[in-house]
Every structure is written in C-alpha cells, then in structure tokens.
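> build me a model from this:
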Amino acid sequence: MARLEGGGTETAWFNYSLSALRDEDGSVAAVLNITPETTTRVILERQLTEEQAALATSEERLRLAVDNADVGLWDVDLVNDRLIWPARTKAMFGISADVPVSMDDFYNGLHPDDREVTTAAFLAAADPAQRAVYDIEYRTIGKEDGVERWVAAKGRGAFDASGRCLRVAGTALEITARKTAEIRRGALVELTQATRDLEEPADIAYAAAEVLGRTIGSTRVGYAAIDHDAETLHTDRDWTAPGVQTLAGTLSLRNYGSFIDSLKRGEFTVVEDVRTDARTAGPAAEALEGKSTRAFVNAPVLEQGRLVAVFFVNHGEKRNWTEGDLALIKEFAERTRIAVERARGEHALRESEARLRELNETLAAQVEARSAERDRLWHLSQDMLARADYSGMMSAVSPAWTQVLGWSERELLSRGYATFMHPDDEPPTIEAIGRMAETRQPTRFENRIATSDGGWKHIEWTVAPEQDGFNFIAVGRDLSHVKAREAELEQAQEALRQSQKMEAVGQLTGGLAHDFNNLLAGISGSLDLMQTRIEQGRFDELDRYMTGAQGAAKRAAALTHRLLAFSRRQTLEPKPTDVDRLVANLEDLVRRTVGPETAVEIHFTDGLWSTLVDPNQLENVLLNLCINARDAMPDGGTISIETGNRTIDRAAGSLREIPAGDYVSLAVSDNGVGMTPEVVKRAFEPFYTTKPIGLGTGLGLSMIHGFVNQSGGHVRIHSAVGQGTTVTVFLPRHAIAEAAPANVEVENADPAAKGSATVLVIDDEALVRMLVVEVLEDLGYRTLEAGDGPDGLKVLRSEAKIDLLITDVGLPNGMNGRQVADAAREIRPDLKVMFVTGYAETAVLSNGHLDPGMQIVTKPFEMNAFAKRVQEFIKS
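Numbering: from 1, shown residues only. Coordinates of the predicted model:
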C-alpha cells in the first residue's frame with residue numbers, strides 16, 4: 001500500500017498488487033499491476049482506532065467513578081456467552097474477586113423467591129421486541145458466605161442493525177441497609193395494624209408471628225410461655241409456612257439442648273445450624289430437625305428480670321441470620337410482650353368486670369354486704385392496707401396510712417412506694433417482693449417508712465400476689481410500740497447487767513479488803529514488835545519479825561499481781577513460744593507440786609504451731625491448772641496435759657463462742673469430782689472458790705481468764721460431776737516460731753557491784769523516791785531527783801548527763817510517767833526508761849506492751865532484785 005500526495009491538500013491511499021506474466025518457456029514476459037484506491041478504508045480504520053482509544057479512556061473514567069460511588073458494573077456478552085463482573089459486583093453475590101463467573105453464578109445466586117421475576121426482567125431487556133429498561137431490586141444469597149443481600153440493578157440491551165441483542169450491561173448497587181430499614185418499618189407498621197383491635201393474647205401472639213414469618217421468610221414463628229416449675233414451653237398457636245408442622249402445645253425444654261440455660265439468663269440465642277452448633281449437636285439436633293428446624297433464633301421475653309416467654313423463629317434450612325433479622329426479631333419480641341401484657345391486663349379487667357356484673361345480677365345483696373364489710377375493714381383497720389403493682393406504684397391505700405405516717409392519699413398514690421423507704425432498707429425490700437413474685441407465696445419482711453414530719457416508722461409487712469400476675473396486696477403493721485418496748489427491755493437488761501457488775505465489784509472489794517487486812521495486820525504487828533524488841537534491847541529476835549513482815553509484803557504483792565491479771569492490766573512480755581517445750585521444761589516442777597499420789601500424763605503434738613504469749617505467765621497458768629486438778633482429786637488420780645493445733649471454722653466457733661481461726665491449745669484434764677453447770681458458770685468470778693476456807697483465794701481461774709484474754713486467746717471449761725474437768729486454753733497461732741534460747745551472761749549482775757551511770761528518779765512519793773535513790777547510790781550511780789513530771793522534764797531539758805530515767809507512772813501536776821518519757825525521747829532519743837508502778841495504766845502501755853528501750857517494774861519489789869534489774873538494763 002502506498003500513499004500519493006498530489007499538488008493539492010488531499011492525500012490518496014492505494015493498494016498495489018503486482019503479478020508476473022510468463023511465456024511458454026517460463027520467462028517473465030510482462031508485469032500486471034492492479035492498483036485499487038483504499039483511501040476510504042484507511043480513514044475508517046484510523047477513526048476506529050481513535051474511537052477505541054477514546055472508549056478505553058471513557059471506560060477507565062467510568063470505572064473510577066463507579067468505584068468511588070460503591071457501584072458495581074455488569075456486562076452480559078450474549079454473542080460470546082460471557083459474563084463480565086468486576087470485584088465489587090462479585091462481592092454482591094458473595095464471590096471472591098479472583099473467581100471466574102458465568103450466568104449460572106448469576107441465576108444461582110438469586111434468592112429463590114426473587115429468581116423468577118429477576119429472570120423475566122433480564123429477558124425483557126434482551127428481547128428485541130420489548131427492549132425494556134432493566135430496573136429491578138432483588139436479593140442474593142452469597143455463594144461463599146451464605147449472606148443475604150439486597151441489590152438494585154439497572155441496565156439496557158445493545159442491539160445491532162438487524163435487531164439482534166449483542167449484550168445487556170448496566171450497574172448494580174447494594175441496598176441491604178436501606179431495604180432492611182424499609183422492611184423493618186413496614187413490618188412494624190403492619191404489626192401495629194394487625195394487633196390493634198385484637199383482645200386475646202393468643203391472637204396477638206399469632207398475628208405478630210405471622211407478620212414476622214412472612215417478612216423474613218422463616219418457616220415457623222411463635223410466642224411460647226415458660227413454666228419454670230414444669231420445665232416446659234407452651235404455645236397456644238404458632239405461624240407456619242405451608243407444609244410445616246405446628247409446635248402448638250406443650251414441649252419439654254430439655255429436648256432442645258443446653259441453649260435453654262442461656263435463655264433462662266435472659267440471653268439472645270442464635271443458632272445457624274443445629275448440626276454444627278455445640279449447644280444443639282447430637283440428639284437435640286435430631287429432635288429439632290424432626291420438627292423442621294435446622295436454624296433458629298430465640299428471643300427471651302423478660303418481666304421484672306425473669307424469663308416468662310420465648311419468641312422463637314425457626315427455619316427449615318441452615319441460615320446465616322443477618323443483623324437486620326436479629327434486630328427485627330428483637331423488636332417484634334418486645335412489642336409483642338407489651339401487647340400481650342396489655343391484652344392480659346385488659347382481659348383480667350374484663351373478667352373482673354364480668355364477674356362483678358354477674359354478681360350484681362345474681363348476688364347483688366351479698367355483694368353489697370361483702371363490699372360494705374370490706375370497706376369497713378379497709379377504713380377501720382389499724383393496719384396499713386394497700387394494692388400495688390410490680391412497677392413500683394400503689395393503686396389504693398387505706399386510711400391507716402395517713403393515720404400512721406401522715407401522708408395524704410394523693411401523695412401516697414402519686415409517688416413510687418420505694419421513695420418512702422429508708423435507703424438502707426430498699427434493696428432487701430425489693431428482693432423480698434421479687435421473691436414473692438417468683439414463688440407466688442406470701443412473704444413477710446420489715447423496713448422503715450418515712451413519715452410526713454421527717455421521721456421513720458418501723459413497719460412489719462405481709463405481701464401476697466394477686467392472680468393477675470401484675471399486682472399484689474400489702475398489709476403493714478406499725479411496730480413503733482414493739483420497738484419501744486424492746487428498747488425498754490434492753491435498757492432494763494443493761495441496768496441488770498450493770499447491777500451484776502456492781503455486785504461483782506462489791507464481792508471483789510470485799511474479798512480484797514479481807515485479804516489485805518490480814519496481810520497488813522501481819523506487817524503492822526511485826527513492825528510493832530520490832531520496835532518493842534529494840535526498846536527492850538532484844539535485837540536477836542528482830543530477824544524473825546522482819547522475815548514475817550517481808551513474807552506478808554510478798555504475799556500482798558502476789559495478790560495484787562493476780563488482781564491485775566484478772567483485770568487484764570498486768571504487763572506482758574509476749575514472745576513466740578513453743579508450748580510443747582514450755583510444758584516439757586515444767587514437767588519436773590509439776591510432778592513435784594502435785595505429789596506422788598497424782599499421776600501426770602503429757603501428750604505432745606508433732607509440728608505444734610508457735611503462739612505469741614508471755615511464757616512466764618503461761619507457766620503460772622499451767623501450774624495453777626495442775627494444782628486445781630490435784631485439789632479436785634482428794635483421793636489421788638490422773639492429770640492429763642495435752643497440746644494441739646486447732647483450726648476452728650465458723651460453725652464450730654459459733655458453738656464455742658470463739659472466733660474462727662488457727663489456735664494452739666493447752667488442755668489440763670483430771671478425773672476428779674467435777675463441777676456442776678452452776679459452778680462452771682461462776683468459775684471465773686473473782687474470789688469465788690469451792691475449796692475450804694483457807695485453802696483457796698478464788699483468784700486462780702480469774703487470773704487465768706484475764707491473762708488468756710489479754711493475750712488474745714480464750715479459755716473454756718468442760719466438766720461433769722463425778723467424771724472430771726477439762727480446762728482448755730486457746731491461744732492464737734503465731735507465724736514466727738520460737739527463737740532458740742540465748743545464753744547471755746550479764747556482767748556485774750551482783751547488786752553490790754559498782755556503777756558509774758547517772759539516773760534520774762521521778763516519783764511523787766518521797767519515801768519510795770528516797771529508797772530508790774539510796775539503792776542506786778549504793779551501786780555507785782549518780783542520781784538526780786524530781787517529785788513530778790514538769791520538774792523531771794526540766795532536768796531532762798538541761799545539759800546534765802542522764803543514762804536512765806526511772807519514773808513512776810501515776811504522777812501529779814498534769815503529766816504522767818508515759819508523757820514524761822515520750823517528751824524525754826524527743827530530747828534524748830536513746831534514753832532508756834524504766835517505769836515503776838503498782839498498776840499498768842492503759843495510758844502508759846499499748847495493749848500491755850512496752851516500746852523498745854523501755855521496761856517496767858511493779859511495786860512492791862525486793863531492793864536486791866530491783867538493783868540487779870537496773871544494772872542489767874543499764875548494761876544491756
């Protein structure tokens with residue numbers, strides 16, 4: 001082909017075709033040139049190329065626009081039997097982007113209910129005679145995901161000159177959200193219209209089931225009431241698709257898998273395939289499929305938080321329930337519940353009205369009499385009568401409400417009854433009403449109700465449910481007078497307890513005066529005779545009277561020690577203690593004390609826990625118990641000492657009146673005469689004893705009881721006359737074991753040893769101060785003196801060197817010994833402090849314990865022992 005350009009402006013195109021012409025011998029005789037002009041064809045081909053390029057550009061622009069508009073394209077090439085879907089269109093049919101498609105995918109992907117009309121619309125668009133616009137909305141079922149979608153498609157057919165349809169192409173837009181909303185609105189409107197004039201709950205439930213079933217294309221929908229006691233579902237009437245079996249009637253819950261449990265908890269239950277869902281797989285799936293149910297949704301219907309019905313939706317095939325399906329089912333369940341409740345209430349009202357009409361017609365006189373009787377009871381009863389519902393409102397109240405509380409009837413009926421309750425009583429009251437609603441049984445409870453003047457009344461309530469399931473009757477009785485009498489009784493009992501305390505104090509002081517008078521008589525008599533013998537010059541007899549006076553003084557000190565233990569005022573030095581080791585160390589002393597006529601058995605416990613206790617005082621407890629046990633066996637017998645680990649739970653602790661926890665027990669038993677219950681009750685009273693006069697002080701068990709309680713423990717007595725007695729001490733378990741005893745030797749422990757420290761002595765009793773100072777000076781210590789707290793504090797604030805502060809606890813002039821010590825510690829943080837007192841005041845000691853660097857010496861004391869104690873303390 002060649003192009004020839006002439007002198008003008010036009011160009012012509014020609015197609016050259018050369019052929020050789022040969023003679024008889026085969027030689028080329030001539031050349032045949034055929035040259036047709038092809039200008040028109042070349043121009044057309046160029047135009048076609050340009051148009052195709054423009055079309056490609058236009059298609060790319062269209063593709064970009066469509067992608068940004070969420071629009072899918074489709075092109076059915078009828079000539080080549082080919083379907084062209086981009087990725088967005090494939091997604092509308094639940095097909096991956098890289099999967100090839102054909103018209104079979106289109107037809108098979110249509111919802112069965114939409115397939116016929118959609119196919120007809122497509123054929124009309126491809127029909128040369130109709131050439132209809134393809135404009136339709138249809139549902140698809142995802143090929144890969146099974147999801148139902150709504151699609152709006154538009155398109156036209158392309159025809160050639162002969163009228164043959166070459167292709168049908170257009171756009172597709174997913175409209176699932178819009179369509180779901182439209183369907184939901186339409187269904188709810190239809191539900192309202194369908195149930196508006198219905199009166200029976202069963203008719204309302206069926207109408208709702210029918211509308212929902214047709215709307216979402218299910219095979220069975222129903223409203224089933226729950227009977228929790230019988231574990232059954234009861235459906236009056238359900239809607240079913242043609243050919244599907246009804247489930248109306250009563251069915252057992254347990255036939256349908258463990259999903260029933262979630263329903264009872266008020267949870268929405270969704271099952272897409274009963275064969276594969278763990279809650280229904282197995283026999284339950286077979287039972288469900290036997291009832292034409294392959295997939296289902298159960299929406300719980302709750303009243304007051306309790307499951308009362310199930311709105312169930314069944315499908316004969318497995319189904320991927322959409323969010324739109326579930327939202328619509330939930331809405332239908334709630335609206336149906338409201339409509340059914342309304343119908344039941346109206347039905348109950350109609351029945352009540354009918355009964356009243358019947359009574360009016362047949363028993364007018366009787367009704368009038370009963371009404372009058374009820375009205376009299378209503379108006380004359382001093383109890384508060386009311387009719388209320390579970391939503392929290394009262395519909396009727398008797399005049400007693402106003403008489404008791406002061407509120408008017410209008411005020412009572414216009415507010416929720418919970419607003420009249422004391423805030424602390426509201427939760428248990430609501431719980432009691434809920435329990436009554438659940439059990440359908442009368443319930444009693446108490447609460448406080450506000451009065452109009454701002455006070456509170458204690459009211460005892462009896463509530464009982466009515467048959468309608470919505471209301472209940474309440475009867476309230478004012479307990480104000482009862483509470484007042486209880487308060488008066490409590491005051492009388494408190495007065496009695498106080499009187500008993502005063503009687504015990506009288507016994508204590510009487511016994512104390514008796515014993516101290518005896519001791520003082522011995523001390524005073526000895527001193528008088530000493531003075532007489534000195535005047536007579538009989539010095540060789542002084543030692544006897546001196547020894548007698550000192551012995552009486554020691555017995556007085558022991559008596560005060562027991563009194564302090566009884567009153568829990570003694571100073572304790574608790575340490576982690578191994579009770580087994582303590583008992584073993586005392587075994588020889590116990591055996592010597594009880595004598596050869598009494599056998600002693602000891603039972604230790606392997607792995608005995610440690611306890612935090614003053615070991616010296618615990619030794620006294622053990623010796624006292626063993627002596628008491630010996631005295632209870634005048635003809636001899638056996639004493640058993642037993643240790644143990646005891647864990648007391650709440651139930652056992654309640655019986656024994658001991659807090660629950662871990663304890664170390666120390667029990668001393670005998671097989672002696674035993675005690676009566678009356679004696680056991682009084683055993684811990686001070687100065688109470690069953691021993692002959694002169695053989696017991698009556699303070700032994702009192703001291704034990706006080707010490708054990710001060711140590712955080714408990715002591716219990718078990719005794720039977722003629723069988724013996726067991727006294728058990730319970731001491732709290734301590735996490736830290738007893739430390740090994742240290743072998744510490746105190747240098748210069750001899751009281752006669754000389755010292756060089758400076759000691760400040762503060763005591764308001766001049767005689768005691770003088771004695772202490774003389775003992776300290778005999779030891780070689782330098783002493784400073786003060787008669788009260790302020791004077792002592794002046795010395796402490798001076799520049800004087802002070803190594804030890806010895807102070808009485810009870811000091812005059814506004815500062816006690818502990819306050820002086822605390823002030824001294826602020827000035828001299830390392831100062832050692834020794835308290836000297838006959839009474840461990842709680843103001844001085846914290847729970848019976850001293851701070852580090854502090855000691856206490858109780859009056860009276862032996863001077864040699866005091867001197868040794870001071871030396872050890874200074875050198876420690």
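> what kind of secondary structure is G26 in?
Following DSSP: H, G, I helix; E, B strand; the rest coil, G26 is assigned to coil.
> now do it against A20, distance only.
Taken as Cβ to Cβ, to the nearest Å, the spacing of G26 relative to A20 amounts to 10 Å. For every residue, glycine as well, the C-beta is placed using N, CA and C.
> A169 touches K154, doesn't it?
No: here A169 lies out of contact with K154, judged by Cβ atoms under 8 Å, at a distance of 10.2 Å.
> where does the stretch 51-200 of the chain have low pLDDT?
Across the stretch 51-200 of the chain, residues meeting the criterion (pLDDT under 70) sit at 55-56, 58-69.
> so what would you say the end-to-end distance of stretch 86-102 is?
Counting by Cα to Cα, to the nearest Å, you get 12 Å between the two ends of stretch 86-102.
> make that stretch 388-396, sorry
Stretch 388-396 has its terminal residues 7 Å apart, counting by Cα to Cα.
> repeat that for stretch 465-481.
Start and end residues of stretch 465-481 are separated by 28 Å (Cα to Cα).
> now do the buried residues in that stretch.
By neighbour count with 16 or more other Cβ atoms under 10 Å, stretch 465-481 contains the buried residues 465, 469-472, 474-479.
> R337 sits in which helix or strand?
helix 323-362 (DSSP states H and E).
> run the chain-centre distance for that helix.
Here helix 323-362 shows a centroid-to-chain-centroid distance of 38 Å under the convention Cα atoms, centre = their mean, to the nearest Å.
> helices or strands up against that helix?
Taking 3 or more Cβ pairs under 8 Å, 6 or more residues apart in numbering; DSSP states H and E as contact, the helices and strands that helix 323-362 lies on are helix 176-195, helix 201-216, strand 295-303, strand 306-315, helix 364-380.
> for whichever helix or strand comes after the last one, which helices and strands make contact with it?
Once the chain leaves helix 364-380, the next helix or strand it forms, by DSSP H and E, is strand 384-389. Based on contacts counted as 3+ Cβ pairs under 8 Å, 6+ apart, the elements that strand 384-389 packs against are strand 394-397, helix 400-405, strand 471-478.
> the last one - what's its average pLDDT?
Yep, that's strand 471-478 we're talking about. Strand 471-478 carries an average pLDDT of 92.
> same question for stretch 322-337.
When the per-residue pLDDT values of stretch 322-337 are averaged, the result is 88.
> what lies in contact with that stretch?
Contacts to stretch 322-337, defined as Cβ atoms under 8 Å, 6 or more residues apart in numbering, come from residues 147-148, 176, 180, 183-184, 187-188, 191, 204-205, 208, 211-212, 215-216, 223, 268, 270, 297, 299-301, 303, 309, 311, 313.
> at 7 Å instead, please
When contacts are taken as Cβ atoms under 7 Å, 6 or more residues apart in numbering, the neighbours of stretch 322-337 outside the stretch itself are 147-148, 180, 184, 187-188, 191, 204-205, 208, 212, 215-216, 223, 270, 297, 299, 301, 311, 313.
> can you give me the buried ones in that stretch?
Going through stretch 322-337 with 16+ other Cβ under 10 Å, the ones that come out buried are 324-326, 328-329, 331-333, 335-337.
> quick one: average confidence on stretch 788-806?
Computed over stretch 788-806, the average pLDDT equals 93.
> measure it end to end?
When the termini of stretch 788-806 are compared using Cα to Cα, they are 12 Å apart.
> now do the contacts for F93.
Counting by Cβ under 7 Å, 6+ apart, F93 touches 105, 109, 140, 142-143.
> most surrounded residue in those residues?
Comparing the contacts of F93 by number of neighbours (other Cβ atoms under 10 Å), T140 comes first, having 24 neighbours.
> so that residue makes contact with V147?
No: at 8.5 Å, T140 does not count as touching V147 under the criterion of Cβ atoms under 7 Å.
> including distance to P790, could the helices and strands packed on strand 384-389 go into CSV?
Supplementary listing: the helices and strands packed on strand 384-389 in CSV, determined by distance: least, Cβ to Cβ, whole Å:
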stretch, distance to P790
strand 394-397, 71
helix 400-405, 62
strand 471-478, 61
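> now do R214 against A177, distance only.
21 Å.
> neighbour count: these two, which is higher?
R214 (14 against 11).
> confidence score at that one?
R214 is assigned a pLDDT of 90 by the prediction.
> would N33 count as being in a helix?
No: under the criterion used here (three-state DSSP), N33 is strand, not part of a helix.
> neighbours of the closest residue to it other than its chain neighbours, just the number please.
Residue nearest to N33 in three dimensions, not counting chain neighbours: L18, with 5.6 Å by Cβ to Cβ, 6 or more residues apart in numbering. The local packing count at L18 equals 9, with neighbours defined by other Cβ under 10 Å.
> what of R279?
R279 has 16 neighbours, counted by other Cβ under 10 Å.
> how about the one 10 residues further on?
E289 is surrounded by 14 other residues when neighbours are defined as other Cβ under 10 Å.
> what do you get for T293?
Counted with other Cβ under 10 Å, T293 comes out at 25.
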